[in-house]
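Q: Need coordinates for the below:
(2 chains)
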Amino acid sequence: MPPIPVIEYLAVILAGFAAWLLGRLRPDLISPFGDLIARIMHNRNTRIAVIVVWWWLGWHFFTV
Amino acid sequence: MRQLLRGINPWLPVFAFVTMFHIMRGSTGDAIIFGVGTALLIADWKKLLKWHMPERPKFGKASVVIAILLSSSILFFSERGGWQDIVLLLALAPIALTMVYYRDHGPKPSSTRLMARTKWIWLSLALVMAVSELFAYIWASVFKDDQSYPTISIIVNPVLESPYGRGIFLILWMLIGVGILQLWRKR
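A: Predicted structure coming up:
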């Protein structure tokens, strides 16, 4: 059996995939992921925060 | 106090917390990155940055693909954590910031029940992931066992040690950036 954190990560990834798929197949139940991104990226302060987190992930994985 | 905090972005306390967390765990580099992020958010929120606010930059699909392939090949042919990787990431930082630092257009879209539900679903997933990773880090530190309590870094490290893994991972990471910035989204 894989370690508990691995099960948790996989569960979140699977749930995320299900949410993404549901957004495409049943947009009346949950908005498509692209629409959510468009909504939250409307605000400049949020755009800065999201892009800093994205860049940090790259820095963390590629340079450390 | 209410006057002082008016218009605060919910990301700001999150960034401040993450900065403190990295300071406490002695990760100077991460603390600096999130500290700078916190400062940028405060400066933008309080309108301390007085420079010209440009229009949204536009990039062609071909130039984005070339940038991704070029960056991927740099990581493929260099040592992990080598100076080439550091220079590449440092060069990407101002480019990425430039691409999000533009004037907001039009009124803020009103929040429907559907969008609120969607936000909560994704926020919950992100929180579960963050808490899982945090507890894995804590247990791994307490029990000195990062095999039974692996963080995501521990899991992906072997992949990133290979040039192929690094190249593919960078393409995925940059495509996520393209998605976040909505560079290819039809308007």
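Q: For the rest of this, base every contact and every neighbour count on C-alpha atoms.
A: Fine.
Q: Show me which residues of chain A are close to chain B?
A: By CA under 8 Å from any CA of the partner chain, the residues of chain A that approach chain B are A:3-6, A:8-9, A:12, A:15-16, A:19, A:28-31, A:36-39, A:41-49, A:51-52, A:54-56, A:58-59, A:61-64.
Q: The same query, at a cut-off of 6 Å, please.
A: A:3, A:30, A:31, A:47, A:63, A:64 (CA under 6 Å from any CA of the partner chain).
Q: any idea which of the residues you listed is the one closest to chain B?
A: Closest approach between the residues of chain A next to chain B and chain B, by CA to the nearest CA: residue A:63, at 3.9 Å.
Q: returning to that earlier point: just the buried ones from the residues of chain A next to chain B, in PyMOL syntax?
A: The buried subset of those, as determined by 16 or more other CA atoms under 10 Å in any protein chain shown, is captured in PyMOL by this line:
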select buried, chain A and resi 30+31+47+63
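Q: Now tabulate the residues of chain A next to chain B in CSV and tack on pLDDT and secondary structure.
A: Formatted as CSV, these follow (pLDDT from 0 to 100; DSSP: H, G, I helix; E, B strand; the rest coil):
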residue, pLDDT, secondary structure
A:3, 90, coil
A:30, 95, coil
A:31, 94, coil
A:47, 92, helix
A:63, 86, helix
A:64, 73, coil
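Q: Let me have the residues of chain A next to chain B in a markdown table, extended by distance to residue B:11.
A: A markdown table is the format used below for those (distance: CA to CA, whole Å):
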| residue | distance to residue B:11 |
| --- | --- |
| A:3 | 31 |
| A:30 | 23 |
| A:31 | 22 |
| A:47 | 10 |
| A:63 | 25 |
| A:64 | 25 |
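Q: now the residue sitting nearest the centre point of chain A: how far from residue B:72?
A: Nearest to the geometric centre of chain A sits residue A:16, at 7.3 Å (CA atoms, centre = their mean). Here residue A:16 is placed at a distance of 26 Å from residue B:72 (CA to CA, to the nearest Å).
Q: can I see the domain layout of chain B?
A: Split into domains by automatic domain parsing, chain B comes to B:7-53, B:60-101+B:112-187.
Q: mind listing the strands in chain B by residue range?
A: Counting by DSSP state E, chain B forms no strands at all.
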